[in-house]
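[1] pasting the sequence and the predicted model now:
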Amino acid sequence: MTVATDIEPEGKGSSEVKMKEERRWTLSDFDIGKPLGRGKFGNVYLAREKKSKHIVALKVLFKSQLKQSQVEHQLRREVEIQSHLRHANILRLYGYFYDQTRVYLILEYAAKGELYKELQRCKYFPEKRAATFIASLAQALIYCHGKHVIHRDIKPENLLVGAQGELKIADFGWSVHTFDRRRTMCGTLDYLPPEMVESKEHDASVDIWSLGVLCYEFLYGVPPFEAKEHSDTYRRIVRVDLKFPSKPVVSAAAKDLISQLLVKDSSQRLPLHKLLEHPWIVQNADPSGIYRT
Ligand code: AMP
């Protein structure tokens, strides 16, 4: 598999080294810094590409663990898809390389880390922040769907935050090209639409559903169909058992948007371009994608 491996500093100042080459990377091209986090298959480190001085996140995956969990195919697909996407709200995958025991992914560095942790810290987000995030995600998903890529696993754990507070979709492990749409069950149950928990055919509108789940979780601090037992979550999703608690207080406009996204009939979900025109988004989302307190 050949993957375009380019690292291009964002600013275009003349002093900055611009690199854009088809090339093979090795570990010796990078200075390795502090660990940023630990994942299921390895660790992520802050790193600096020596020539360009570009700061990246280097994800180190152990081949033995990838093999054991039979996720090599998934990783290959993730790399193939993510490396071709270019959007401010999608984490760049600049390239990859490997040695005998490990696979290395060269990723854009998201300075403010995991959204999941931020949501845990805040419990829930103010409406303006939630709307800004949802609008950014909708734009990123419009871009993906335009390229026939469906993400299928939009949830707080897969979202990172950049230095300016902008959202970055980070994990394309479950994404697919729509032309190889399959009836596979994947991802955490909480974020899956009825057609996926029932293993029916699905299309790009699965991401619209997940955006509804996420919008609810941003505003209430818990996903809408949460239940103690897996089987109860399943039942609540299939019935679209959507309830809005009285606390925290959430505007009628936000509830209206969520209700238009969490619709069982996937063809009736609010299209993403219409989401961007919804009054709650228009009145609350910061067009810059950056929430200012
Ligand atoms: P993962 O293996 O993708 O779950 O990554 C493990 C942890 O490393 C995440 O939970 C983040 O805290 C951190 N991390 C992963 N990728 C990045 C990145 N591109 N920028 C900053 N932190 C990251």
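    In hand now; what should we look at? Numbers count the residues shown, from 1 in each chain.

[2] gap between E201 and R239?
    20 Å (CB to CB, to the nearest Å). For glycine as for every other residue, the C-beta is placed from the backbone atoms N, C-alpha and C.

[3] ok, now L107?
    From L107 to R239 the distance is 39 Å (CB to CB).

[4] what about these two, which has more around it?
    Using other CB atoms under 10 Å, the more surrounded residue of L107 and R239 is L107, with 23 against 11.

[5] next secondary structure after the host helix or strand of the more buried one?
    Assigned by DSSP states H and E, L107 falls within strand 102-108. Sequence order places helix 115-122 as the next helix or strand after strand 102-108, per DSSP H and E.

[6] any buried residues in that next one, and which?
    115, 118-119 (16 or more other CB atoms under 10 Å).

[7] for the ligand, state which of these is nearest.
    Distance to the ligand across the buried residues of helix 115-122 (CB to the nearest ligand atom) is lowest for L115, with 10.1 Å.

[8] pLDDT value on that closest one, please?
    L115 carries a pLDDT value of 95.

[9] what's the closest non-adjacent residue to it?
    Distance criterion CB to CB, 6 or more residues apart in numbering; nearest residue to L115, sequence neighbours excluded, is L159 at 4.0 Å.

[10] phi, psi of that neighbour?
    With angles defined as degrees, to the nearest 10, L159 sits at phi -120, psi 130.

[11] list the contacts of K63.
    98, 100-103 (CB atoms under 8 Å, 6 or more residues apart in numbering).

[12] restricted to buried residues, select those residues in ChimeraX.
    Selection of buried members from those for ChimeraX, criterion 16+ other CB under 10 Å:
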select :102,103
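
[13] could you dump the contacts of K63 to CSV with pLDDT and distance to the ligand?
    Shown next, in CSV, are those (pLDDT from 0 to 100; distance: CB to the nearest ligand atom, whole Å):
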residue, pLDDT, distance to the ligand
Y98, 93, 16
Q100, 94, 21
T101, 95, 17
R102, 95, 13
V103, 94, 12
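
[14] need the max-distance pair from the contacts of K63.
    Q100 and V103 (10.7 Å; CB to CB).

[15] how about the helices in the stretch 101-250 of the chain?
    For the stretch 101-250 of the chain, the helices defined by DSSP state H, counting those that start in this stretch cover 115-122, 127-146, 194-197, 205-220, 230-239.

[16] hey, which of those is tucked in deepest?
    Mean neighbours per residue, mean count of other CB atoms under 10 Å, is largest over the helices of the stretch 101-250 of the chain for helix 205-220, with a mean of 25.
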